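Chemist: sequence unknown, structure follows:
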Ligand SMILES: Cc1cc2nc3c(=O)[nH]c(=O)nc-3n(C[C@H](O)[C@H](O)[C@H](O)COP(=O)(O)OP(=O)(O)OC[C@H]3O[C@@H](n4cnc5c(N)ncnc54)[C@H](O)[C@@H]3O)c2cc1C
Ligand SMILES: Cc1cc2nc3c(=O)[nH]c(=O)nc-3n(C[C@H](O)[C@H](O)[C@H](O)COP(=O)(O)OP(=O)(O)OC[C@H]3O[C@@H](n4cnc5c(N)ncnc54)[C@H](O)[C@@H]3O)c2cc1C
């Protein structure tokens, strides 16, 4: 965490200085905004949180709820989401209060007495150690709380505008604010009152029954059959021995997915209520909590379940559905105009809750779009950047639906139909997907061709940057390189040094000279004039030697830029290998060095040789505007 | 973190339910209180924070400041303090915003050109890995903020009463509230107004010039000579290469202790201004910031220091002084009456700032006293417990003064007088002291004789419980055993199992039966009736086998007690060895098992064989009252 460089900060350094709209943010929802986010669920909140780091942009986020979400909905947090929370500064705190999954336990009918369940496989949750972040369970409401705190502490001093429901959306295509949204107040004294807001851009993060999607004329394709689950968050006394482990229980009487919850006592059970068809007209929703409990009790036989308190329950019907597009550009308009309205999260894709993906994928949608909007609206990138959102996220959503179908079929199988060992094996095999690390964006204006992938095999282009331990030279602190990537909207450029660096004439030094001085240097070409050298591209060096063998005076000034009103030196951009886990070995980085470019949403955008300066410059020119 | 067991907690689980005084805490300072803490520095705040976990006790904390401390004073946080913060729930957060010391660097005159300094030794800060907690630097103000937050979230909903200065204190020895304190308002509209508060107990945590100490008639013995330091927290540009490392710089022109500060830019320099005598009449205090900067610049030669902003500075004169006692019981009264007035922190001991001990030792003073006051006032322990405070902390203070004299002499030595390698070696040799782990309380009513120390050599009786990794059986979570010890005022009783456990008839099972049912069981004898079985003694088991080899149904009910209004099972008291670091091997615990008793302030109170039930019972009877 860096602070004090604009003068002493006496209080919580997490509260950033107010700027832009944060200096006099209107309390009432104004008539015109730059971005209107509809829906304060995970997709909308992360988008608004990311945009709150662009205080020159006036973003508002509305929700028809009259206040924060109190309870219920999703609770599974993949390691990729925890990694994302790290960038938003709350990974540690949310992990502290969450349940952590380290193993999963499979129960099935006792072959000798099939009416009784017995314990089967017990695989570790992350057998390969694919992330340094944990897999957590915590209520969606708390995730939203932390994003709300981040926004409140951001330069924009943002807070959601609760109690507004979207009723209509129209794209007028004229003027600066071509999208007109009609809202109605849902709460308070002025309930029922209408409010019209004109926006440059609108993000519909308004959930499975999205009105924004409807207004955009998207279609939702998928199975018409839905699967129904009775979901309950309960406090109970039971003799079932694995009540504090995530369990898939498959019994003669049906299936349960058991998810222990935060706090040591509460747990969630998804009790399978079977397939439902549209002809059922949602009759399943009449299932009572008593029926759900009775079903669970029967499935757990010979163990018993004595429910003492029901914190929340719901009958949750869900099918596999996917929207045809994530923005308002019709297929025949592609390339002719830029999108103005987007959808994200459940508005685009719905699927079963069993794989615990919903909240996670939704957040990555929002994270993907928000920085792009930030770049376009602040004049750093061309409008064409916005088309990459739908292109990138549509593929992810399709993969999710495909995966979920497979997963649901396996999990819903009657005993005897599927081999329990096969279920467990599938679970282990698909960890990378379940943890959220399988996403790999295809080449585009923001993802380079993987031509030079061999220079850094452990940083696959298009996948999220996998962090690695390093030692910060200036203060000899062992750190995780990736954890220094804050959700501040900046690009990261990691220069992995050649073995001769930092000697004069080494590849690193030559690259740094070009980056600082070269006519076609992206730092010089794209950094807004008057802003700090690292305002757009945060350039860091990773050297091969141990930290005590690096003399900072030998390291190019590019990596020790001046900052703030006092023109102080930033010492936090020079790293050395950690002898305990050498970053070059751990990620297969060539000893000749290379440049790894990482997007604001933590995805690797490209790997380049240190001497391929023209190629690097050309890559940035694809999506960053040249500044005067 | 355990919650939800009293019903669903929708918001931040760190906010505990209000209870006792927290239900209708008077906003104004009342005329009568149970405990009055004078001084909201580190010693007073930790004491008030610990007492806030006893909501049946009305504690108030006053300070003459008109609000929170904004800047300055101490900044060194030993690992022992971070361990303490863990118990108060904010270790992770404060570490995140702090500077972390991992190495120290010694600079001395270049033998070839003595007017220039050169780098010497560079020892690691914790070469032996004596703690899993880091050594931090963060402003005292932030430490106080976190304690304030803890209090605000406690059942007592406590907040400091700022703007009251103590002017007088009298012990009347009659009635329930035998101490009368006269306060004067220092701020606001009612400034100058007098307020008299009668208290059962008073803690003077009012700093080096303590009025409480004066009123108690204590003497401060020590050297009359003081050492003066110019202290400055500055933002600067310098070519000194180790500006982000803790450095002891010894030059022809004097000495500097350099402490990098949180946030990546600020640093503190203690510039040695030499010895001062009472005859100087504090003339040294007239030293200007320009003089301090000029001196620092000269010492750093050939490097230069260009100070851009001075956040804080002070001329700090300090001698080695120690009070004759920590409470109001005169030597000839010892054993005849109990103390009513105490002092803690700088009120008791002053010494140089160089070893970075002041804030840390002061906090341990407050932590030591507060739970004892809590136990006596809530009727759990006899008044005689309070005498152990002065007895225990006086010894620690003496050790601190002795250490500090040695340290100061070494550090203040002119080049040539002391061997730089010797200074570095002393630093490494004394890590345990510097980190705050050297304290070992002598046997008393709350520390048993170390008769059975051999059963657990790694848990020395009288020293703080050194945590060890374990795996929680119920949820397969790898954890640190000691980190589960919250500052909730409870005793911890760790039953390290024999190798036969949990089989029926094993030593662990027999011990657990006695603990649950035995006539002389301390749980039965001392737990207030109507309260949970673990309200006073938090009894946990550590088994020798791996977590998957333990069946919870075989583990005695003592370790899975019922809790809360729904009579739920508490699953968080049964642990297994961590294969990565076996607790029995790591701490030399006998494979026949043993019981390790830990005090509310985290010190090991005793080690007992599993079959020495009478001895264990007798130990608790020494200091806990038998309940009806
Ligand atoms: C009742 C319910 C139970 C669920 N249970 C589970 C579960 O057990 N497990 C699981 O993994 N996932 C569950 N989910 C799904 C999971 O919560 C979603 O995948 C995740 O929340 C998607 O995030 P989102 O931001 O896209 O949408 P949501 O979280 O649905 O957020 C949409 C937001 O938009 C608001 N909104 C909707 N329409 C309008 C409008 N017209 N105007 C203004 N605001 C509007 C809503 O109030 C809501 O706050 C559940 C969802 C719901 C609704
Ligand atoms: C100006 C200053 C600079 C220091 N600089 C350093 C340093 O650079 N490095 C270092 O390690 N240590 C430094 N110290 C010492 C370090 O701050 C202390 O060791 C530590 O704060 C001790 O904690 P404490 O709670 O015992 O006392 P303090 O932190 O001194 O707290 C005492 C509190 O009591 C209040 N108080 C005093 N008298 C009264 C009264 N009559 N009525 C009501 N309230 C009263 C004060 O306002 C204060 O808040 C400094 C102390 C001071 C005062």
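Modeler: Done, it's in. Just so we're clear, the structure is a prediction, and the values are computed from it rather than from any experiment. Ligands and ions are numbered 1, 2, ... in the order given.

Chemist: C-alpha from now on. contacts and neighbour counts both.
Modeler: Will do.

Chemist: any residue of stretch A:569-578 up close to chain B?
Modeler: Yes: contact check for stretch A:569-578 against chain B, using CA under 8 Å from any CA of the partner chain: residues in range are A:569, A:570, A:571, A:572.

Chemist: Could you pull out the buried residues of that stretch?
Modeler: Residues of stretch A:569-578 classed as buried under the neighbour-count rule (16 or more other CA atoms under 10 Å in any protein chain shown) are A:569, A:570, A:571, A:572, A:573, A:574, A:575, A:576, A:577, A:578.

Chemist: now the residues of stretch A:569-578 next to chain B in CSV, with secondary structure and pLDDT?
Modeler: Listed next are those as CSV, based on DSSP: H, G, I helix; E, B strand; the rest coil; pLDDT from 0 to 100:
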residue, secondary structure, pLDDT
A:569, strand, 97
A:570, coil, 97
A:571, coil, 97
A:572, coil, 98
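
Chemist: Reformat these as TSV; add distance to residue B:483.
Modeler: Written out in TSV, the entries for the residues of stretch A:569-578 next to chain B read as follows (distance: CA to CA, whole Å):
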residue	distance to residue B:483
A:569	38
A:570	35
A:571	33
A:572	31
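
Chemist: where exactly do the helices run in chain A?
Modeler: For chain A, the helices defined by DSSP state H occupy A:42-51, A:79-87, A:91-97, A:140-153, A:211-216, A:289-299, A:358-377, A:387-412, A:420-429, A:431-434, A:507-517, A:522-526, A:583-586, A:613-623.

Chemist: Just want the angle from the longest one to helix A:358-377.
Modeler: Taking axes from the mean of the first three to the mean of the last three CA atoms, to 10 degrees, one finds helix A:387-412 and helix A:358-377 inclined to each other by 180 degrees.

Chemist: Give the other helices and strands that helix A:387-412 contacts.
Modeler: strand A:321-323, strand A:349-350, helix A:358-377 (3 or more CA pairs under 8 Å, 6 or more residues apart in numbering or on different chains; DSSP states H and E).

Chemist: Recalculate using a threshold of 7 Å.
Modeler: Here helix A:387-412 is seen to pack against helix A:358-377 when contacts are counted using 3 or more CA pairs under 7 Å, 6 or more residues apart in numbering or on different chains; DSSP states H and E.

Chemist: elements contacting the helix it packs on?
Modeler: Under the contact definition 3+ CA pairs under 7 Å, 6+ apart, helix A:358-377 sits against helix A:42-51, helix A:387-412.

Chemist: List the contacts of it.
Modeler: A:42-44, A:46-47, A:50-51, A:54, A:57, A:74, A:77-78, A:81, A:344-346, A:381-383, A:385-386, A:389, A:393, A:489, A:600-601 (CA atoms under 7 Å, 6 or more residues apart in numbering or on different chains).

Chemist: buried subset of these?
Modeler: By the neighbour-count criterion of 16+ other CA under 10 Å, the contacts of helix A:358-377 include these buried positions: A:42-44, A:46-47, A:50-51, A:54, A:57, A:74, A:77-78, A:81, A:344-346, A:381-383, A:385-386, A:389, A:393, A:489, A:600-601.

Chemist: Output those of these also counted as contacts of ligand 1.
Modeler: When contact is defined as CA under 6 Å from any ligand atom, the buried ones among the contacts of helix A:358-377 meet ligand 1 at A:42, A:43, A:44, A:74, A:344, A:345, A:346.

Chemist: hang on, the earlier thing: between the helices and strands packed on helix A:358-377, which one is closest to residue B:219.
Modeler: Closest to residue B:219 of those, according to CA to CA: helix A:42-51, at 57.6 Å.
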